[in-house]
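Engineer: my questions concern the predicted model and sequence given below.
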Amino acid sequence: MSKCLFCKIIAGQIPAQKIYEDDEMLAFFDINPAAPVHFLVIPKKHINSLLDLEADDSALIGRLLFKAKELAKQQGCEEKGGRFVINAKSDGGQTVDHLHIHFLGGMALGPSLLAGKQG
Ligand code: AMP
Ligand code: ZN
């Protein structure tokens, strides 16, 4: 059994508030939202971080980002926008070592929102 938190969510071993799922990706609301709209889009394939992406994954990351855009629109953030964030490894503040795209919206975001969240 995988020890990875997000692999456990994919496997249904940990619950999540899912908003989209298909064969290769899953999207769910962040458990500790930093904005009124805060969801994550993850590949079902375990990839540690964006810095571990391989050439064969380049189309996958494009589809993840496109889905994040579609879901942001569905969540009512098309007009005012929001922020798409990918933290990578320790200096990037990545706390879950399974590649994920954050979307934050529903409020005007200051430049240091994520830094503030991390204390
Ligand atoms: P990062 O700091 O970029 O690695 O982001 C990891 C995110 O995962 C954080 O914003 C957490 O709040 C979120 N998170 C951790 N555990 C869960 C969970 N069980 N369900 C949903 N989101 C989670
Ligand atoms: Zn994983």
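Structural biologist: That came in fine, so what should we check first? Ligands and ions are numbered 1, 2, ... in the order given.
Engineer: tell me which parts of the chain are close to ligand 1?
Structural biologist: 5, 14, 16, 28, 30-32, 87, 93-96 (CB under 6 Å from any ligand atom). In this view, the C-beta of every residue, glycine as well, is placed from N, C-alpha and C.
Engineer: go with 5 Å
Structural biologist: 16, 30-32, 87, 94-96 (CB under 5 Å from any ligand atom).
Engineer: residues making contact with the strand of greatest length in the chain?
Structural biologist: Taking DSSP state E as the criterion, the chain has its longest strand at strand 37-43. With contact meaning CB atoms under 8 Å, 6 or more residues apart in numbering, strand 37-43 is reached by 6, 9-10, 19-20, 24-30, 57, 60-61, 64-65, 67-68, 71-72, 75-77, 82, 98-106.
Engineer: out of the residues you listed, which touch ligand 2?
Structural biologist: 6, 98 (CB under 5 Å from the ion).
Engineer: wait, doesn't residue 27 sit right on residue 10?
Structural biologist: No: if you go by CB atoms under 8 Å, residue 27 and residue 10 don't touch, sitting 11.4 Å apart.
Engineer: tell me the buried residues in stretch 39-57?
Structural biologist: 39-44, 47, 49-50, 53, 57 (16 or more other CB atoms under 10 Å).
Engineer: how much space separates residue 54 from residue 48?
Structural biologist: 11 Å (CB to CB, to the nearest Å).
Engineer: ranges for the helices of this structure?
Structural biologist: In the chain, the segments counted as helices under DSSP state H are 5-10, 58-74, 113-117.
Engineer: and the second one, what does it pack against?
Structural biologist: Read that as helix 58-74. strand 18-21, strand 25-29, strand 37-43, strand 82-85, strand 101-105 (3 or more CB pairs under 8 Å, 6 or more residues apart in numbering; DSSP states H and E).
Engineer: in PDB, list the C-alpha atoms belonging to stretch 100-112.
Structural biologist: Extracted C-alpha coordinates of stretch 100-112, given in PDB (Å, rounded to 0.1, in the frame of the first residue of the first chain):
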ATOM      1  CA  HIS A 100      -0.400  18.900  -7.600                       C
ATOM      2  CA  ILE A 101      -1.700  22.100  -9.100                       C
ATOM      3  CA  HIS A 102      -3.400  24.500  -6.700                       C
ATOM      4  CA  PHE A 103      -6.100  26.900  -7.900                       C
ATOM      5  CA  LEU A 104      -7.000  29.800  -5.500                       C
ATOM      6  CA  GLY A 105      -9.800  32.200  -6.300                       C
ATOM      7  CA  GLY A 106     -12.900  33.900  -5.000                       C
ATOM      8  CA  MET A 107     -10.900  36.800  -3.500                       C
ATOM      9  CA  ALA A 108      -8.300  39.300  -4.500                       C
ATOM     10  CA  LEU A 109      -5.000  37.600  -3.600                       C
ATOM     11  CA  GLY A 110      -2.100  39.500  -2.200                       C
ATOM     12  CA  PRO A 111       1.400  38.600  -3.400                       C
ATOM     13  CA  SER A 112       2.400  36.700  -0.200                       C
END
